[in-house]
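> quick one: sequence and predicted model below, then my questions.
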Amino acid sequence: MPALKATGLDALHPVLPNISSWRQYKAILRKDIAQELRTREMVTSMGLYGMLVLVIYYIALSQTGLDFDVTRIAAGLLLLMIVFTSMLGLNRSMIHEHDQGQLEALLLAPIDRPIIFLAKATTNLLFLLIVQIVVVPVFYIMYVSGSLPVQLGEIVPGPWWMIALGLTIGSIGVAGVGTLLATISVNSKGRDFILAVLFIPVMYPLLLVLVAALNAVIGGAVGFESVFWMNIAGAAIYNAVVIAAAFVLYDFILGV
Amino acid sequence: MIRMSDFLSKLRNISQGQELKIAIVLAILGGILTTVAFVMAFTTANMQYHDFTVNLPTFQTNPETRIPLATPEFQPQPPDGTVNYLNPWFSQKIFYFHVPVAWLSLMMFTLSAIFAAIFLKTRNPKSDLRSRIGMETTLIFTLGTMISGSMWTRAAWVNSWGEMAGKLLSEPRLVTYTVMLMFVVAYFVLRRSVDGEEKKATYGAVFTLLAWLIVPFSYAFTRLTQHTIPQAHPADALNTGMDPSNLLPFIVCIFGMSMLGYAIYTLRVAEEKKRMQLEVIKEDLEDALSDSHKQVGHADLMQQYSAAAVLGTATDKTENKEA
């Protein structure tokens, strides 16, 4: 530790325990979960917002009539709901960090910077998945299993775990990139608006392949498995590239 | 024989004034070349397809090599037989400009991303300036691509069945380019919404690098996903090969456009540098002025002067004080 010796801080060094990365990660995770359990702010607002979006879908589709096949657009509606709710949640997750000075506290603490990104992304992913467990079944009942062609047996949707897998992969991408972009947007004047402007174009390729994958599953036509797996592979490649980029770039925006 | 390292060191030694001269020469040359290509495209270039028909089975690319975006049942189905495009003449003429402009926009975006990475590494404001100006140039060429592309669309994709071939919004390539325009606009919105020069520069650079990932994905998209529109993108025309009389104006136009792009970029960088110098001089002048007035004790006097000048009233009060 030449830098510490030069400043005479080596005397302090034994005071700072050598905390492993895993413990740092767990500590931030515990902080975020405890905060959420006390306020229940993120999950409640996201869940309620998701339900409201479902109501808006009902209003928008109320004039379509019985011959309209909702399952053709159900995947798009589902992802739209998830994009809107996740943008709300991502902003919430970072507003505390910014307004109450938690991010500065994290930077002062002996924590590696990449750990901050990973922990924040994990909590965002966790809350997104919790909200989806509540909202997606309601959506499925309203717009897929409750639609006329499915009731009549003309369309047999694929297995539910395929939809769950697609949504999980989508949520991983949303949480990874969203953590970076939310950190940028809370430091700007526009906040929610800036997050939307930055987030939706970056998410565009992921959303496109996910809609293709989920639409194939919900449609359940012949050969939907190959379409699903090819598009899920595309989504996974995109996730890997973009999250790696976000992971590297997060270092630069901290403490500017 | 010139060694590469000598050449590069000579390039580095070019002063700002010389760079400006080169840019002006390139702007003129690029304008001439683009005009020449324009004239050639309408005079010497042969029409490659007089009756531009598409044999439908050939564009139905085999699903094994392309990523399907929908199950076969839900793919947009074109009618049987051949498709005659209504305006093949115009769709060929716009080709000479649409492709170079699109290439230039991607190249400028790449240049901007490179300078963004350099900025994050060195924290030099000059790299940030170059990255920002690169983004401005990207905006110009992206708009050019979209305008020429929509002209192309009307000429090539409206066909003899009297409707747009396929649904335009189901064509991922078009939307990918719209997303690129959104990126460039978002970059400037972000910069405006952040306070502080360093924050602006850092956030802008980070977003540029993240947004640049759309370029390889866009490239892969045009080639890997299944087409919803038969044989209608320039990438397909380039693959099928070109007549020499068509290739010449195309290459001339690419060179002309590249020169224009470089010239726009360099001239804007020079302008911004001059503006920065002017800001520094202004600040120095203000400091010097306020210092000199403090020494004489006339700071309040100067304020009254300027207030009077703004209001356009007579400065009798200050004159009294001076007296």
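Great, that's in hand.
> for A:Glu97, give me the pLDDT.
On pLDDT, A:Glu97 comes in at 82.
> pull the number of nearby residues for it.
If you count neighbours by other C-beta atoms under 10 Å in any protein chain shown, A:Glu97 ends up with 19. For glycine as for every other residue, the C-beta is placed from the backbone atoms N, C-alpha and C.
> name the nearest residue to it, ignoring sequence neighbours.
Closest residue to A:Glu97 apart from its sequence neighbours, by C-beta to C-beta, 6 or more residues apart in numbering or on different chains: A:Leu103 at 4.4 Å.
> okay, and that neighbour sits in which element?
helix A:102-108 (DSSP states H and E).
> for that helix, list every residue counted as buried.
Buried positions in helix A:102-108, judged by neighbour count with 16 or more other C-beta atoms under 10 Å in any protein chain shown: A:Gln102, A:Leu103, A:Leu106.
> for the second one, give me its contacts.
Going back to what we said before, that points to A:Leu103. A:Glu97, A:Thr183, A:Leu254 (C-beta atoms under 8 Å, 6 or more residues apart in numbering or on different chains).
> in chain A, where is pLDDT below threshold?
Applying pLDDT under 70 to chain A flags the ranges A:1-18.
> all helices for it, in order.
Secondary structure of chain A (DSSP state H): helices at A:2-7, A:21-39, A:41-61, A:71-99, A:102-108, A:113-143, A:148-152, A:160-186, A:192-219, A:224-253.
> give me the angle between the third one and helix A:21-39.
Per axes from the mean of the first three to the mean of the last three C-alpha atoms, to 10 degrees, the angle that helix A:41-61 makes with helix A:21-39 is 60 degrees.
> what helices or strands is helix A:41-61 leaning on?
helix A:71-99, helix A:113-143 (3 or more C-beta pairs under 8 Å, 6 or more residues apart in numbering or on different chains; DSSP states H and E).
> would you list those in TSV and tack on distance to A:Gly219?
Converted to TSV, the helices and strands packed on helix A:41-61 look like this (distance: least, C-beta to C-beta, whole Å):
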stretch	distance to A:Gly219
helix A:71-99	6
helix A:113-143	13
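> please, where are all the helices along the stretch 201-323 of chain B?
For the stretch 201-323 of chain B, applying DSSP state H, counting those that start in this stretch gives helices covering B:214-224, B:234-239, B:244-296, B:299-311, B:316-322.
> circling back to that earlier point, I'd like to know which of the helices of chain A is closest to B:Lys274.
Among the helices of chain A, helix A:224-253 comes nearest to B:Lys274, with 29.1 Å by C-beta to C-beta.
> now do the buried residues in that closest one.
Here helix A:224-253 shows A:224, A:227-228, A:230-232, A:234-235, A:238-239, A:242-243, A:245-250, A:252-253 as buried, counting by 16+ other C-beta under 10 Å.
> show me which of the residues you listed neighbour chain B.
A:Phe224, A:Val227, A:Met230, A:Asn231, A:Gly234, A:Tyr238, A:Val242, A:Ala245, A:Ala246, A:Leu249, A:Phe252, A:Ile253 (C-beta under 8 Å from any C-beta of the partner chain).
> which of those sit farthest apart?
A:Phe224 and A:Phe252 (42.0 Å).
> ok, back up a step: out of the helices and strands packed on helix A:41-61, nearest to A:Gly170?
Closest among the helices and strands packed on helix A:41-61, using C-beta to C-beta: helix A:71-99, at 6.7 Å.
> go through stretch A:148-161 and flag the buried ones.
For stretch A:148-161, by 16+ other C-beta under 10 Å, it's A:Pro149, A:Val150, A:Ile155, A:Pro157, A:Gly158.
> show me the contacts for B:Leu104.
B:Leu104 touches B:Phe141, B:Met257, B:Ser258, B:Gly261, counting by C-beta under 8 Å, 6+ apart.
> closest one of the residues you listed to chain A?
The nearest member of the contacts of B:Leu104 to chain A, counting by C-beta to the nearest C-beta, is B:Phe141 at 17.6 Å.
> quick one on the thing from earlier: mind putting the buried residues of helix A:102-108 in JSON lines, distance to A:Ile200 included?
Putting the buried residues of helix A:102-108 into JSON lines (distance: C-beta to C-beta, whole Å) gives the following:
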{"residue": "A:Gln102", "distance to A:Ile200": "27"}
{"residue": "A:Leu103", "distance to A:Ile200": "24"}
{"residue": "A:Leu106", "distance to A:Ile200": "28"}
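> now A:Ser21. Nearest residue, chain neighbours left out?
A:Ile115 (5.7 Å).
> need the residues of the stretch 151-300 of chain B near chain A, please.
So the stretch 151-300 of chain B meets chain A at B:172, B:175-176, B:179, B:182-183, B:185-186, B:189-190, B:193-195, B:198-199, B:202-203, B:205-207, B:209-211, B:213-214, B:217, B:221 (C-beta under 8 Å from any C-beta).
> from those residues, list just the buried residues.
Using 16+ other C-beta under 10 Å, the buried ones in those are B:172, B:176, B:179, B:182-183, B:186, B:189-190, B:193-194, B:199, B:202-203, B:205-207, B:209-211, B:213-214, B:217, B:221.
> from those residues, which land in strands?
Of the positions in these, not one sits in strands, assigned by DSSP state E.
> OK, contacts around A:Glu225?
A:Gly158.
> again, 10 Å this time
A:Glu225 makes contact with A:Gly158, A:Pro159, A:Met162, A:Ala216, A:Val217, B:Thr71, according to C-beta atoms under 10 Å, 6 or more residues apart in numbering or on different chains.
> nothing else from me, thank you.
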